[in-house]
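*Asks:* starting from these lines, generate the structure:
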Amino acid sequence: MPADQAAGLRRRRARLSPRCLHVFFDSADSTEKLVQALHRRGLRTLLIDVQGRVYADAPARSLFDWRQQLARRQLQTLPMSYGEGWHAPGVRADEPLLAGIAQDYDILVFDEGRGEVGARMPGAARTAIIEVAAAHESLQRAYALLKTLFHLEETPDVVLLGESAACDRVRAACAQFLDGPFAQAILGAGHEDDAFAALAVRMADEETSPSARY
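*Replies:* So this is what the prediction gives:
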């Protein structure tokens, strides 16, 4: 069932900031699957190609780089089956001119790939979605990202995506070395048959929750 699209319209008319999803996936295919699930829920989404890997081969990119596009206040987005995409390697969520343009969307998805945790968009809620596998390198990377989030934000919104056992190991490390309540607040989507659909439902529910209505 589609989300209440009127809720998003009310939010956009009120010029409020969208939710920002910072996704740390090994493959850009996973990012696109998540955005497709969000689109099916009726959420207007902009996929931002931070690492330059999602739209690297796109045939019709703009002559202007993302800095020039922001300066002109006109993003040259790519029309995709799941909404819009934006090739912007190196862009940060706290770019001053991005916040105003972002208000036209319900959700911004920043494809961070194997990058590091960066700044958040002022005034916008941020959710970090981290892919975890059983490999030692993946566990270490997930813990390092969570450690950074722990020190940057008092109550970060975090979802672990992947094998349930691997997600549990990362949460246990957070409980031991960082903070018990922080570890308990970390959500896991590893047990879902379709984790991307489950995440999309959660985002849609937050969009239409009483606190999101105007």
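*Asks:* quick one: the top helix by length along the chain to chain centroid distance?
*Replies:* Taking DSSP state H as the criterion, the chain has its longest helix at helix 136-152. Helix 136-152 sits 16 Å away from the centroid of its parent chain (Cα atoms, centre = their mean, to the nearest Å).
*Asks:* find the residue closest to the spatially most central residue of the chain in space, skipping its chain neighbours.
*Replies:* Residue closest to the average C-alpha location in the chain (Cα atoms, centre = their mean): Leu21, at 1.7 Å. Residue nearest to Leu21 in three dimensions, not counting chain neighbours: Val109, with 4.7 Å by Cβ to Cβ, 6 or more residues apart in numbering. Backbone N, C-alpha and C define where each C-beta goes, glycine included.
*Asks:* and the helix or strand following the longest helix of the chain, what other elements does it pack with?
*Replies:* Counting by DSSP states H and E, the next helix or strand C-terminal to helix 136-152 is strand 157-162. Counting contacts by 3 or more Cβ pairs under 8 Å, 6 or more residues apart in numbering; DSSP states H and E, strand 157-162 packs against strand 126-132, helix 136-152, helix 164-177, strand 187-188, helix 195-207.
*Asks:* any idea which of these is most buried?
*Replies:* With neighbours taken as mean count of other Cβ atoms under 10 Å, the helices and strands packed on strand 157-162 reach their highest mean count in strand 126-132, at a mean of 23.
*Asks:* list the contacts of it.
*Replies:* 19-26, 30, 34, 93, 117, 120, 138-139, 142, 145-146, 149, 153, 156-163, 166-167, 170, 190, 199, 203 (Cβ atoms under 8 Å, 6 or more residues apart in numbering).
*Asks:* each with direction, which strands does it pair with?
*Replies:* strand 19-24 (parallel), strand 157-162 (parallel) (DSSP bridges).
*Asks:* so what's the gap between it and the chain middle?
*Replies:* On Cα atoms, centre = their mean, the centre of strand 126-132 falls 7 Å from that of its chain.
*Asks:* now stretch 132-150
*Replies:* 17 Å.
*Asks:* what average pLDDT does that stretch get?
*Replies:* Mean pLDDT, stretch 132-150: 96.
*Asks:* for that stretch, list the C-alpha coordinates in CSV.
*Replies:* Provided in CSV are the C-alpha atoms of stretch 132-150 (Å, rounded to 0.1, in the frame of the first residue of the first chain):
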residue,chain,number,x,y,z
VAL,A,132,27.3,-6.1,7.7
ALA,A,133,28.7,-9.4,6.6
ALA,A,134,30.4,-12.2,8.6
ALA,A,135,33.9,-11.3,7.3
HIS,A,136,36.2,-9.8,9.9
GLU,A,137,36.9,-6.7,7.7
SER,A,138,33.1,-6.0,7.4
LEU,A,139,32.6,-6.3,11.1
GLN,A,140,35.5,-4.0,11.8
ARG,A,141,34.2,-1.4,9.3
ALA,A,142,30.7,-1.5,10.7
TYR,A,143,32.0,-1.0,14.2
ALA,A,144,34.2,1.9,13.1
LEU,A,145,31.3,3.7,11.5
LEU,A,146,29.1,3.1,14.6
LYS,A,147,31.9,4.4,16.9
THR,A,148,32.1,7.6,14.8
LEU,A,149,28.3,8.0,14.9
PHE,A,150,28.3,7.5,18.7
